[in-house]
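**Q** here are the coordinates; sequence isn't available:
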């Protein structure tokens with residue numbers, strides 16, 4: 001390495017990242033070593049860090065159940 005030269009990895013560290021996108025009721029996943037710029041570009045195109053339809057722990061969210069108020073007379 002040449003003195004006063006900055007290594008590319010030091011300028012743009014790669015992060016292990018998983019991004020999700022919901023397309024036509026299918027969840028598409030991108031996983032790997034992505035730079036900050038790549039993550040920013042994915043997010044501009046609708047990709048998110050959290051998986052759709054799950055809570056922060058990755059457990060699927062169940063729809064709330066409506067109680068039936070119908071009574072038979």
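**A** Everything's here; your move. Not measured: the values here are computed from a predicted model. Numbers count the residues shown, from 1 in each chain.
**Q** please count neighbours and contacts with C-alpha atoms only from this point.
**A** Will do.
**Q** mean confidence for the helix ranked longest in the chain?
**A** Taking DSSP state H as the criterion, the chain has its longest helix at helix 36-44. Helix 36-44 shows a mean pLDDT of 89.
**Q** repeat for stretch 14-24
**A** Mean predicted lDDT for stretch 14-24 stands at 84.
**Q** list the buried residues of that stretch.
**A** 14, 18-21 (16 or more other Cα atoms under 10 Å).
**Q** tell me which residues are up against it.
**A** Contact with stretch 14-24 is made by 27-36, 46-52, as judged by Cα atoms under 8 Å, 6 or more residues apart in numbering.
**Q** swap the cut-off to 6 Å and go again
**A** The contact list for stretch 14-24, computed with Cα atoms under 6 Å, 6 or more residues apart in numbering, reads 27-35, 47-49, 51.
**Q** am I right that residue 21 sits in a helix?
**A** No. Residue 21: not assigned to a helix; according to DSSP: H, G, I helix; E, B strand; the rest coil it is strand.
**Q** and residue 58, what element?
**A** Here residue 58, judged by DSSP states H and E, is contained in no helix and no strand.
**Q** how many neighbours does the closest residue to it other than its chain neighbours have?
**A** Nearest residue to residue 58 in three dimensions, chain neighbours excluded: residue 51, at 7.2 Å (Cα to Cα, 6 or more residues apart in numbering). Using other Cα atoms under 10 Å, residue 51 has 21 neighbouring residues.
**Q** turn the contacts of stretch 14-24 into JSON lines, including secondary structure and distance to residue 59.
**A** Formatted as JSON lines, these follow (DSSP: H, G, I helix; E, B strand; the rest coil; distance: Cα to Cα, whole Å):
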{"residue": "27", "secondary structure": "strand", "distance to residue 59": "15"}
{"residue": "28", "secondary structure": "strand", "distance to residue 59": "17"}
{"residue": "29", "secondary structure": "strand", "distance to residue 59": "16"}
{"residue": "30", "secondary structure": "strand", "distance to residue 59": "19"}
{"residue": "31", "secondary structure": "strand", "distance to residue 59": "19"}
{"residue": "32", "secondary structure": "strand", "distance to residue 59": "22"}
{"residue": "33", "secondary structure": "strand", "distance to residue 59": "24"}
{"residue": "34", "secondary structure": "strand", "distance to residue 59": "25"}
{"residue": "35", "secondary structure": "coil", "distance to residue 59": "28"}
{"residue": "47", "secondary structure": "coil", "distance to residue 59": "19"}
{"residue": "48", "secondary structure": "strand", "distance to residue 59": "16"}
{"residue": "49", "secondary structure": "coil", "distance to residue 59": "15"}
{"residue": "51", "secondary structure": "coil", "distance to residue 59": "10"}
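**Q** having no further points to raise, I will conclude here.
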